[in-house]
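> give the three-dimensional model of this entry:
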Amino acid sequence: MTRAKTASPSAASAATRVADRIARSWVSFVGSGPGDPDLLTVRAVDLLRQADVVITEVPEHAAMVRHLLGLPEPVPATEASEEADGADAEAAADVEPVGPEFVDGGFGEDGQPLTHAARAKVVVKQAKRGLRIVRLLAGDPFLYASGPEEAQACAKAGLGFEIVPGVSSVAAVPAYAGIPLTNKDHREVSVVTCGDKVDWREYADKRTLVLLSAVGQIGEIAEALVAAGRAPQTPVAMTRVGTTTEQQTLVSTLETVAADARSARMAPPAITVIGDVVDLREELSWFETKPLFGWRVLVPRTKDQAASLSVGLRGYGGVPEEVPTISVEPPRNPLQMDKAVRGLVEGRYEWIAFTSVNAVKAVREKFEEYGLDARAFSGLKIAAVGDKTAAAIAAWGLRADLMPSGEQSAAGLLADWPEYDEVLDPINRVFLPRADIATETLVAGLIDLGWECDDVTAYRTVRATPPPAPVRDAIKSGKFDAVVFTSSSTVRNLVGIAGKPHPSTVIAVIGPATAKTAEEHGLRVDVLSPKPDVDALVSALADFGASRRQSMVEAGEPVTKPSERKPSARRKARAK
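Predicted structure coming up:
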């Protein structure tokens, strides 16, 4: 009689752990949309923030997720090895990676696209790790994508999954081109994948056609549709890299589209629309007509400071590129700041005046260092120089008691600051945490009003390291369409670390003082903000771009960007 073999306790527990891990596994198939990250759904963003692993489909996905989550770009392995050696390298090895792990689920090690079956294997392998997996797929996971096959593989492996629909390029790209696929007169739409064998006689009627993968064979397709009975003058629109600031739309007809596409060097990826709805683009084009559409705009500020400025530029179609010109660092001698914070807690001051977001941040960090919170401000009056500074104070749970009623500047704050009154003010001292390079305007004005002022260096601003060589070359050679200066120091520092912007680059400044500094450095100021406010500066640049565009349209000229300048007469003569 033979005894039946039983699994050892260790083997059984290992099998249980594997089963538990698979049971906990969950894959979220998320549609990333057609290219514009702003088209991600709320659910998609929430899942990406929670993800342990993100399986990408296209190379742009990883950069999109890092930007969305505010993560730094990865340091190349060669640079990392050069920067870290000895004890530093050992310490670096113990640092946990920031953000999710990225796994390429679109291309193999040979750089070739993976088949649907191979993609499914990648997803299942990652899902069995028992982590939170997000599988990003371009457009919509279940529309012209490998989502169905990958989800089936998960179901067969006993893995849980969900589908988060995304905006498909089929509808989004024509919409961004100003072309509705249907209206009251045209209700029928057919989507055709041109990589397959197509009998174009089936599409001889007047329905709207949306063609995928049609760029390389558009000539043959147009001939086949005309032969099937479509009018040669039927409108055609081809839109490449739709929903991005590189979007380009060619409008033609079936009769001429082949030659026009060659002339425009139309290349994939592109969506082609055929039908009378294309004519509506003349009225409804909204994306490519934005005042700063496709403009490469240099933003010489730190990333923290540039956030709202960059968002505003993107809203007008611009492509902001942030180049830090200053670095914010703690004061060399922290004792003065320590003494002032202790005095604040002990009730030494009647007022604290914040003249920048960085000042709020510096004081808050010092509070956290001491284990203090906003309650230490009880009984203290707070002044803020402007809306952005007041918002930083509000994020701390505090409210500004005084803000300028007019110009948001030190002078504006002084204009509303009350004189010291021995009867009404029990304490005559003001705490002013500021940068090491701040002007004395506020201090002198407060003294004139009868206040004693503790002018304390809360942080230092030092010139940043020069940007990479390609960026410096782009600045000097005119590859940027515009640069926005938000202070005199950004002008001085940018010129110091990267050189002067090219004469063709549009110069936008936040105020008269910044304009004066720009002119002293040999720059022509094109745009002056009506008030010292970032949003007003962006709006002023957009107005400039809109007027420039309108002038070109009225003159019958093609709309170009400042960087697409014509060669000078001297250069033409030299070429001859």
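> ok, residues contacting the host helix or strand of residue 553?
Of the helices and strands defined by DSSP states H and E, residue 553 is found in helix 534-554. With contact meaning C-beta atoms under 8 Å, 6 or more residues apart in numbering, helix 534-554 is reached by 289, 291-292, 295, 297, 308-309, 312-313, 315-316, 388, 482, 484, 486, 506, 508-510, 526-530, 558-560. To be clear about C-beta, it is placed using only N, CA and C from the backbone, and glycine gets the same treatment.
> so which of those are in helices?
308-309, 312-313, 315, 388 (DSSP state H).
> can you pick out the most distant pair from the residues you listed?
Distances among these were taken as C-beta to C-beta; the most separated pair is 315 and 388, at 17.3 Å.
> returning to that earlier point: tell me the buried residues in the helix holding residue 553?
534, 537-542, 544-545, 548-549 (16 or more other C-beta atoms under 10 Å).
> quick one, strands of the stretch 201-350 of the chain?
For the stretch 201-350 of the chain, the strands defined by DSSP state E, counting those that start in this stretch occupy 208-212, 235-240, 248-253, 270-274, 296-299, 319-322, 326-329.
> sorry, wrong one. I was asking about the stretch 1-150 of the chain.
For the stretch 1-150 of the chain, the strands defined by DSSP E, counting those that start in this stretch cover 26-31, 53-56, 101-104, 132-137.
> and what of the stretch 401-550 of the chain?
429-435, 452-463, 482-485, 506-509, 527-528.
> so which of these gets nearest residue 114?
Residue 114 sits nearest to strand 482-485 of all the strands of the stretch 401-550 of the chain, at 40.9 Å, using C-beta to C-beta.
> just checking, what packs against the closest one?
Counting contacts by 3 or more C-beta pairs under 8 Å, 6 or more residues apart in numbering; DSSP states H and E, strand 482-485 packs against strand 296-299, helix 488-498, strand 506-509, helix 534-554.
> try it again with 7 Å
strand 296-299, strand 506-509, helix 534-554 (3 or more C-beta pairs under 7 Å, 6 or more residues apart in numbering; DSSP states H and E).
> pLDDT on the second one, on average?
Regarding strand 506-509, the rounded mean pLDDT is 97.
> what lies in contact with it?
481-485, 501, 515, 518, 523-529, 537, 540-541, 544, 562 (C-beta atoms under 7 Å, 6 or more residues apart in numbering).
> quick revisit: who has more neighbours out of residue 315 and residue 388?
residue 388 (18 against 14; other C-beta atoms under 10 Å).
> any idea how many residues pack against the closest residue in space to the more buried one that isn't next to it in sequence?
Spatially, and ignoring its direct neighbours in sequence, residue 388 is nearest to residue 357 (5.7 Å; C-beta to C-beta, 6 or more residues apart in numbering). Neighbourhood size, residue 357 [other C-beta under 10 Å]: 20.
> what do you get for the one 5 residues further on?
Residue 362 is surrounded by 24 other residues when neighbours are defined as other C-beta under 10 Å.
> so who does it touch?
433, 458-459.
> can you pick the most crowded of the residues you listed?
Result: residue 458 is most packed of the contacts of residue 362 (other C-beta under 10 Å), 30 neighbours.
> distance of it from residue 53?
41 Å (C-beta to C-beta, to the nearest Å).
> quick one, domains of the protein?
Domain assignment for the chain by automatic domain parsing gives 20-72+99-167, 171-284, 296-325+465-554, 329-463.
> the third one: end-to-end distance?
If I follow you right, that is domain 296-325+465-554. 24 Å (C-alpha to C-alpha, to the nearest Å).
> now find how far off-centre that domain is within its chain.
Remark: domain 296-325+465-554 is offset 17 Å from the chain centroid, using C-alpha atoms, centre = their mean, to the nearest Å.
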